[in-house]
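In: here's my sequence, what's the structure:
(one chain, ligands or ions: 2)
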Amino acid sequence: MGDRSVGDRLKDFEEVDCGLTPQEAIEEAGRCLQCKKPGCVDGCPVNIDIPAFIALIAQGKFLEAAASIRQQNLLPAICGRVCPQETQCEALCILGKKEAPIRIGQLERFAADQERAKGLTIPARKALTGKRVAVIGSGPAGIVAAGELAKCGHSVVMYESLHAPGGVLTYGIPSFRLPKDVVKAEIDLILAMGVDLRLNHLVGRTVSYEELDSFDAIFLGTGAGLPYFMGIPGENLSGVYSANEFLTRVNLMHAERFPEYDTPVARMNRVVVVGGGNVAMDAARTARRMGAEVTLVYRRREEDLPARAAEVFHAKEEGVMFITCANPVRILGDQSVSGIECIRMQMCNLDESGRPIPEPIDNDTFTLACDVVIQAIGQGPNPVLVSQIPGIEKGRAGNVVTGEDGRTSHPKIFAAGDVTTGAATVIMAMGGAKQAARSINRMLASQ
Ligand code: FAD
Ligand code: SF4
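Out: Ligands and ions are numbered 1, 2, ... in the order given. Model prediction:
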């Protein structure tokens, strides 16, 4: 069905990508070669049996296809929409060598949407074990850990500091990419297994770390919600936001509908977004929907943009202007932002990962007039709770160190997701959480 027209989608926050029709899904699934050694599965961090669910779609067995996906993935409608399939399963699809790879993400989304339309079935749960696990954070890592542990019969209490569950799925990724009713339906299914969700509980502040002592195990899924700043003059002016704050104000607090909702954002005629990742694209596209003229400033070249190609394409279609090879040096203004001064950059040697290192070109500066600056240059692990756990091993960026099985240096504490890896992806958080839940289950079974 393709994307909604640009004119329509700039008027609201409804989903841009309309997904596949049943006929399109069957035709797309019919292209799959049903490989004996399917590369696509190797590219999936949660090892979905991709050929199996595609074969079911090709036969018109949509609900069976969804059930097949659910054996490995508790959040298929979410993953079908936000996973970077082009660098994972689809990148390893054999068809991609000669023609377009199978659109695995679209097919996953299609099956999950068909299932949701018919009504989701609550996954079966084993008899109660009497063991209690605290899950801290309700982002994809926390949700998956809670779901897997509940399935095994453990009693799970999930603490969330915000007033709604979902982590970045709820407060970060805008509804035009990931509708909130889709997120809610998949989370509700996990809660229906008996997970006790406690919202507005910031562990480490409103609930002390010591209060978790009575649990048999603790899972940390507190994410990477601590935004980084550039450290340049003018960052304290009114009108400067981190992308996290800006997106939370809109996605969670509905600032786009102020004063109907009581959270505002600064007046926005001209917005500069700094950064080149998915977060920067989300902030830029959100600001466009709020009527602003938006310029995105990125320090490397266009081909180095870390955002998904589809996000860059959509942002351009929607009128976001891109200035590459430039970096802000100063935000201008008296009390509020009136502009931003940038310096042009040139690409020099390569870093360890093979990306060019940008260096400023002396005295080659320019100024952009704007009233809002949104910084989307990365974020690190949430420190509130982690900093209070005595002796837990942390990496240089403040991330919790774990083995492959999700174990931390503390015998009772396990962790996964962005709090361990730094800002990564939904599916990486889910894959890690599944491993950690298995390890917790093994530990509890042996007690
Ligand atoms: P989070 O989703 O951050 O969830 C952590 C939760 O823990 C939060 O709800 C937080 O409130 C809660 N919490 C923190 N500390 C405490 C505490 N002390 N007590 C109680 N609760 C606490 N990934 C993709 O794969 N595709 C995308 O398209 C994509 N787009 C993104 C767009 C944006 C704007 C952002 C910010 C990220 C995006 N990501 C994307 C990355 C992805 O969302 C994250 O990697 C993923 O959400 C990490 O999951 P998590 O569960 O580890 O953490
Ligand atoms: Fe089908 Fe591509 Fe996977 Fe082969 S690699 S099974 S063609 S999706």
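In: contacts, neighbours, all on C-alpha from now
Out: Will do.
In: how much space separates the nearest residue to L237 once chain neighbours are set aside from A146?
Out: With sequence-adjacent residues excluded and distances taken as CA to CA, 6 or more residues apart in numbering, L237 is closest to S336, at 5.2 Å. To A146, S336 is 44 Å away according to CA to CA, to the nearest Å.
In: check contacts around H410.
Out: Taking CA atoms under 8 Å, 6 or more residues apart in numbering, we find H410 in contact with 391-392.
In: in the stretch 51-200 of the chain, what residue lies closest to ligand 2?
Out: C93 (3.5 Å; CA to the nearest ligand atom).
In: number of residues surrounding the residue nearest to L237?
Out: Neighbourhood size, S336 [other CA atoms under 10 Å]: 17.
In: contacts only, for it.
Out: 237-239, 371.
In: picking that back up, which residue packs closest to the residue of the stretch 51-200 of the chain closest to ligand 2, ignoring adjacent ones?
Out: Going by CA to CA, 6+ apart, C93 has C40 as its nearest residue, at 5.0 Å.
In: that neighbour sits in which helix or strand?
Out: Assigned by DSSP states H and E, C40 belongs to helix 39-42.
In: whether that helix contacts ligand 2 - can you check?
Out: Yes: Helix 39-42 reaches ligand 2 (CA under 6 Å from any ligand atom) through 39-40.
In: which residues of the stretch 1-150 of the chain lie near ligand 2?
Out: Going by CA under 6 Å from any ligand atom, the residues of the stretch 1-150 of the chain near ligand 2 are 32-35, 38-40, 51, 93-95, 102.
In: show me what the one helix or strand D362 maps to is packed up against.
Out: Assigned by DSSP H and E, D362 belongs to strand 356-369. Under the contact definition 3 or more CA pairs under 8 Å, 6 or more residues apart in numbering; DSSP states H and E, strand 356-369 sits against strand 337-350.
In: strand partners (parallel or antiparallel) of the strand it packs on?
Out: Sheet pairing for strand 337-350, assigned by DSSP bridges, gives strand 326-333 (antiparallel), strand 356-369 (antiparallel).
In: nearest to ligand 2, out of the ones you listed?
Out: strand 356-369 (32.1 Å).
In: mind checking how far whichever helix or strand comes after that closest one is from the chain centre?
Out: Using DSSP H and E, the helix or strand that follows strand 356-369 in sequence is strand 372-375. Relative to the mean C-alpha coordinate of its chain, strand 372-375 is positioned 20 Å out (CA atoms, centre = their mean, to the nearest Å).
In: start at 34, not 1
Out: Sure, I'll start numbering at 34, so the last one becomes strand 405-408.
In: what's strand 405-408 in contact with?
Out: Here strand 405-408 has contacts from 262-263, 272-276, 279, 299-301, 303-308, 313, 316, 370-371, 373, using CA under 8 Å, 6+ apart.
In: show me those that map onto helices.
Out: 276, 279, 313, 316 (DSSP state H).
In: what's the burial count for the residue lying closest to L96 once chain neighbours are set aside?
Out: Nearest residue to L96, sequence neighbours excluded (CA to CA, 6+ apart): E148, at 5.6 Å. By the criterion of other CA under 10 Å, E148 has 19 neighbours.
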